[in-house]
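K.L.:
Sequence first, then the predicted structure, then my questions.
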Amino acid sequence: MTATFPARALRALTLVLTAGAAGLALADDDENKRLNINHPEYRSECGSCHIAFPPALLGAESWRAMMAGLDKHFGSDASLDAETSAVITKFLVANAARRDTAGSDGRPQLRISDTPWFRKEHRDGHDGITPGIFRSAAVKSAANCAACHRNAAEGDFSERDIRIPKNGARS
């Protein structure tokens with residue numbers, strides 16, 4: 001019996017370590033390192049006006065609400081035909097954030113920059129972010145991810161590729 005115990009213990013330890021590694025891989029998804037934006041209709045329709053924001057930046061309810069209100073999409077009519085809208089909604093919901101992105105009133109947030117996660121990650125003084133950076137000439141808006149995240153258009157928001165503009169000029 002003692003000869004088989006170490007083999008069982010080794011198998012159990014391997015299982016635990018493998019599960020832990022899988023958990024870390026999922027955590028990387030939640031940290032928004034490289035996010036899935038590789039959907040042809042989504043990139044074509046949504047990416048024609050702005051970057052195709054990674055679906056993991058908002059929760060499923062937020063994406064459903066966003067897609068249901070495309071006729072009033074942040075001041076523009078971004079309406080789509082029913083079939084295209086359904087296909088894109090399915091993609092967004094399937095790849096949405098696992099964290100809750102509802103506002104304090106319980107309603108789904110539609111602006112990524114209004115979510116608690118975004119505000120925490122982009123607060124003044126954090127990682128070189130200066131007060132007023134989103135109003136600077138180089139950035140203009142919190143929705144302009146590419147001003148600092150050089151590979152945002154590819155869904156890559158890794159910290160190694162961040163270049164925060166200095167003195168209003170893009171670096």
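P.N.:
Great, that's in hand.
K.L.:
Quick check: which ranges of this protein have low pLDDT?
P.N.:
Applying pLDDT under 70 to the chain flags the ranges 1-35, 167-171.
K.L.:
how much space between residue 61 and residue 152?
P.N.:
With distances taken as Cβ to Cβ, to the nearest Å, residue 61 is found 24 Å from residue 152. Yep, even glycine has a C-beta here, placed from its N, CA and C like the rest.
K.L.:
More neighbours: these two, which one.
P.N.:
Remark: of residue 61 and residue 152, residue 152 carries more neighbours, 21 against 17, as counted by other Cβ atoms under 10 Å.
K.L.:
and the residue nearest the centre of the chain, how far is that from residue 130?
P.N.:
With distances taken as Cα atoms, centre = their mean, residue 57 lies nearest the centre of the chain, 2.8 Å away. According to Cβ to Cβ, residue 57 and residue 130 sit 23 Å apart.
K.L.:
I figured residue 133 hits residue 165, correct?
P.N.:
Yes. Contact criterion Cβ atoms under 8 Å: residue 133 and residue 165 qualify, at 7.3 Å.
K.L.:
Now for the two: what residues contact both?
P.N.:
residue 139 (Cβ atoms under 8 Å, 6 or more residues apart in numbering).
K.L.:
more neighbours, those two?
P.N.:
Between residue 133 and residue 165, counted using other Cβ under 10 Å, the more crowded position is residue 133 (19 against 16).
K.L.:
Run through the residues that contact the more buried one.
P.N.:
124, 139, 164, 165.
K.L.:
Alright, calling it a day.
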